[in-house]
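**Q** I need the structure of the sequence given here:
(one chain, ligands or ions: 1)
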Amino acid sequence: MAIRDRVAQLLTEMPKEPQFPTQGATVFIDLERREVSRAYTPLRVAKALLAGRGANMFYLYRLLDEALEPLHPDIPLIFGSGVLTGIVPSAARGNATSWSPESGVLMDSNAGDYFPSFIRMNGIDHIVLFGRAAAWTMLRIKGGEIEFMDGEPYRGLDNIDLRERIPQDIGGKWDRDLAMVNVTVAGENQVLCSAIMGGPKACYARGGPGAKMGSLKVKAIVVQGQTRDFETAQPYKSYNRTIAQKLLETSVVKHALKTMGTPFLYKPSRLLGAMGTKNNQETTWTDKLDAENITPYRPGMSGCFRCPVNCRPLNEMNQDPADKYGRGDGPEYVTLGKFGPNVGISQIESVIRLNNICNDLGLDTASTGSTIAWALELYQRGIITKEHTGGIELNWGDAGTIEKLLFMLTRREGFGNVLADSTRAVEKGHYPPEALKYRMAVKGLMQSDPHDARILKAFALGLAVATRGMDHLRNRVTLEINARINDDPAFKERLYGSPVSAAPNSYETKERAVRACENTYAVGDSVGMCRFTTKLFNSPSLPGLEEFAVQIKNVTGLDYSEPELDRVG
Ligand code: SF4
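**A** Next up, the predicted model:
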């Protein structure tokens, strides 16, 4: 059945009015015919799956034809914001969901910044894109209405230039009344490790979202409009204060996330010998990349819509306007790990510069860094040679060559075309089958987390079973490396709902902790809460199912017990 028929059938089952206070519409956009339909997620679906990632899965399940290739225009690309997105502090997130051109399994990615909150301000919870536009298209959302605009003038622009052009052309100011998701040249060229950018750095990564959006010929979705308060089922602001207080009083937020962002994780990882180094051939690396060494280049912190944490470190290495990559947003810990130890780079300035380039080129730093590290190891072992690379020498720590490769990759030039096929390089005939032995991937997706998970069995199990492939954000049991929790078996049992071995390198009972994290994080993505500020990911004291249940009730009127929310997860 063609997707148009699937959508038509689905629409007959969907109500035309909101089913609870604050529910936004689901907008189906037929890009080929330039037609828009809207309806609301049925109450039984919302009760079972909430919104965001949860309801996105419902839409994908109903609309997916698994016989088609992921880049086929009948495979939809679905954006969805959580039921608390834009309303609760740190709930600034939304998901982009499809079938992955990179891995060939589920593509589902979460990002923050302003877009997920701003679509909700426009009365929209989900956007379902399908069909291929006849020409490059930009969608504008204003006052809840969808307008098709010519995307051709923006073709060929990467993130920095596009974000400069849009306010000039259509008005508005980023973060005040303007937000956007967009592809870069990498997405236009269907680079499999390309992301959909959601801000200067925020992006929907993992699985090739940029390639998917580019294949539909959508350059950007721009959303305009003033921020506003929502009419909720019950007053919610006083409980928002409780949540904000909980966030700001949590030690890891106060002393690490708020002051230096996620790079604080680098030091404990390398000290533990759990730092993926040189494509996981080694497990520790230099102290020159510790977060303290980024401090001289950090002019301040930034954040997502109405998030009091502001965990995003900005960087400034110079004030020379001619140096496009002398300043930017980030790096996060993932980028630090993937463009530091994993490719053998030990100068912090090089990592920051490569981070700024990846943000501009719209690249998923986890997949891209891992793809380059894979090539470096293959070259080191003689499995690929200069014949494969077009004469380029690949050496660990050669930041100049890696920078050049990023630009080649985005344009699919020479060896860049090989890297642009990411984990699929063997399948596409670029590398010999032996190369697969050194590919750090599960289900066709490169590892996201810079950790070397071999000594941390719960981490390893999580990476092995994560729904979208080798990724830590679905279920990482970060607290496995918290000695105070491991020393308190009763507390650990309460945290995960059943006893879990205290030894991080034990295989016993780790599935219980992974399951608890998987369920909690899935609910977090369905309400729109940031992973960094969700219980179990960075701390046992951050908001979790209990707080989500209270605020879901206040905002939507839907009633859940904690075990019921666990089942939603
Ligand atoms: S904690 Fe950081 S990434 Fe998460 S919503 Fe807040 S500012 Fe954004």
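
**Q** what's the burial count for the closest residue to the ligand within the stretch 401-550 of the chain?
**A** Nearest residue of the stretch 401-550 of the chain to the ligand (CB to the nearest ligand atom) works out as Cys530 at 3.1 Å. For every residue, glycine as well, the C-beta is placed using N, CA and C. Cys530: 24 surrounding residues under other CB atoms under 10 Å.

**Q** how close does it get to Gln347?
**A** 30 Å (CB to CB, to the nearest Å).

**Q** roughly how far apart are Asp113 and Ser269?
**A** 26 Å.

**Q** Looking at these two now, which is surrounded by more residues?
**A** Asp113 (29 against 24).

**Q** looking at it, the more buried one is touching Tyr204, isn't it?
**A** No. Using CB atoms under 8 Å, Asp113 is not in contact with Tyr204, being 10.3 Å away.

**Q** anything in contact with each of these two?
**A** Residues touching both Asp113 and Tyr204 (CB atoms under 8 Å, 6 or more residues apart in numbering): Gly198.

**Q** Quick check, Gly326 in contact with Pro299.
**A** No. Counting by CB under 8 Å, Gly326 does not reach Pro299; the two are 11.8 Å apart.

**Q** Give me the common contacts of the two.
**A** Glu316.

**Q** Would you mind telling me which of these two has more residues around it?
**A** Gly326 (17 against 10).

**Q** And the pLDDT at the residue of the stretch 401-550 of the chain closest to the ligand?
**A** In this model, Cys530 is scored at 97, pLDDT.

**Q** For it, give its distance to Tyr379.
**A** 38 Å.

**Q** Could you do Thr368 as well?
**A** Remark: distance between Thr368 and Tyr379 (CB to CB) = 17 Å.

**Q** Between the two, which is the more surrounded one?
**A** A count of neighbours by other CB under 10 Å puts Thr368 above the other of Thr368 and Tyr379, at 32 against 19.

**Q** ok, now which ones touch that one?
**A** Here Thr368 is in contact with 193, 338, 358, 406, 409, 419, 422 (criterion: CB under 8 Å, 6+ apart).

**Q** Could you say which helix or strand holds it?
**A** helix 365-380 (DSSP states H and E).

**Q** Excluding sequence neighbours, find me the nearest residue to Arg424.
**A** In this structure, Arg424 finds its nearest non-sequential neighbour in Leu192, 6.3 Å apart by CB to CB, 6 or more residues apart in numbering.

**Q** Could you tell me the per-residue confidence at that neighbour?
**A** 98.

**Q** roughly how far apart are the residue located most distally from the centre of the chain and the ligand?
**A** Ranking residues of the chain by C-alpha distance from their mean position (CA atoms, centre = their mean) puts Glu387 at the top, at 35.0 Å. Applying CB to the nearest ligand atom, to the nearest Å, the value for Glu387 to the ligand is 43 Å.

**Q** Quick check: buried residues in stretch 192-199?
**A** Of the residues in stretch 192-199, 192-199 count as buried by neighbour count, 16 or more other CB atoms under 10 Å.

**Q** try stretch 408-423
**A** In stretch 408-423, the ones that count as buried by 16+ other CB under 10 Å are 408-412, 415-423.

**Q** Alpha carbons only: can I get it in PDB?
**A** Extracted as PDB, the C-alpha positions of stretch 408-423 are listed here (Å, rounded to 0.1, in the frame of the first residue of the first chain):
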ATOM      1  CA  MET A 408      35.600  15.800   1.100                       C
ATOM      2  CA  LEU A 409      33.100  13.600   2.900                       C
ATOM      3  CA  THR A 410      30.400  16.300   2.800                       C
ATOM      4  CA  ARG A 411      30.900  16.700  -0.900                       C
ATOM      5  CA  ARG A 412      31.400  13.000  -1.600                       C
ATOM      6  CA  GLU A 413      34.700  13.800  -3.300                       C
ATOM      7  CA  GLY A 414      37.300  11.100  -3.800                       C
ATOM      8  CA  PHE A 415      37.900   9.100  -0.600                       C
ATOM      9  CA  GLY A 416      35.300  11.300   1.000                       C
ATOM     10  CA  ASN A 417      32.700   9.300  -0.900                       C
ATOM     11  CA  VAL A 418      33.900   6.200   0.900                       C
ATOM     12  CA  LEU A 419      33.600   7.900   4.300                       C
ATOM     13  CA  ALA A 420      30.200   9.300   3.400                       C
ATOM     14  CA  ASP A 421      28.900   5.700   3.200                       C
ATOM     15  CA  SER A 422      29.800   5.300   6.900                       C
ATOM     16  CA  THR A 423      29.200   1.800   8.200                       C
END
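
**Q** Close to the ligand: what parts of the stretch 101-250 of the chain are there?
**A** Contact residues (CB under 6 Å from any ligand atom) of the stretch 101-250 of the chain with the ligand: Gly112.

**Q** For the stretch 101-250 of the chain, which segments count as strands?
**A** Counting by DSSP state E, counting those that start in this stretch, the segments of the stretch 101-250 of the chain that form strands are 106-111, 124-130, 137-142, 145-150, 178-182, 196-197, 203-204, 218-224.

**Q** tell me the most buried of these?
**A** strand 196-197 (a mean of 32; mean count of other CB atoms under 10 Å).

**Q** who touches it?
**A** 96, 109, 111, 159, 180-184, 187, 203-204, 209-210, 213, 359, 362.

**Q** run the last query once more with 6 Å
**A** By CB atoms under 6 Å, 6 or more residues apart in numbering, the surrounding residues in contact with strand 196-197 are 96, 159, 181-182, 203-204, 209-210, 213, 362.

**Q** repeat for stretch 114-123
**A** Contacts for stretch 114-123 (CB under 6 Å, 6+ apart): 24, 81, 85-86, 92-94, 141, 144, 175, 179, 181, 198, 223, 225, 227-228, 305.

**Q** Buried ones among these?
**A** The buried subset of those (16+ other CB under 10 Å) comprises 24, 81, 85-86, 92-94, 141, 175, 179, 181, 198, 223, 225, 305.

**Q** any chance you could map the helices in the stretch 251-400 of the chain?
**A** Along the stretch 251-400 of the chain, the segments classed as helices by DSSP state H, counting those that start in this stretch run 251-252, 258-260, 266-272, 333-338, 348-361, 365-380, 386-389, 399-411.

**Q** longest helix of this protein?
**A** Taking DSSP state H as the criterion, the chain has its longest helix at helix 510-527.

**Q** do it and the ligand meet at all?
**A** No. Applying CB under 6 Å from any ligand atom, one finds helix 510-527 separated from the ligand by no less than 10.8 Å.
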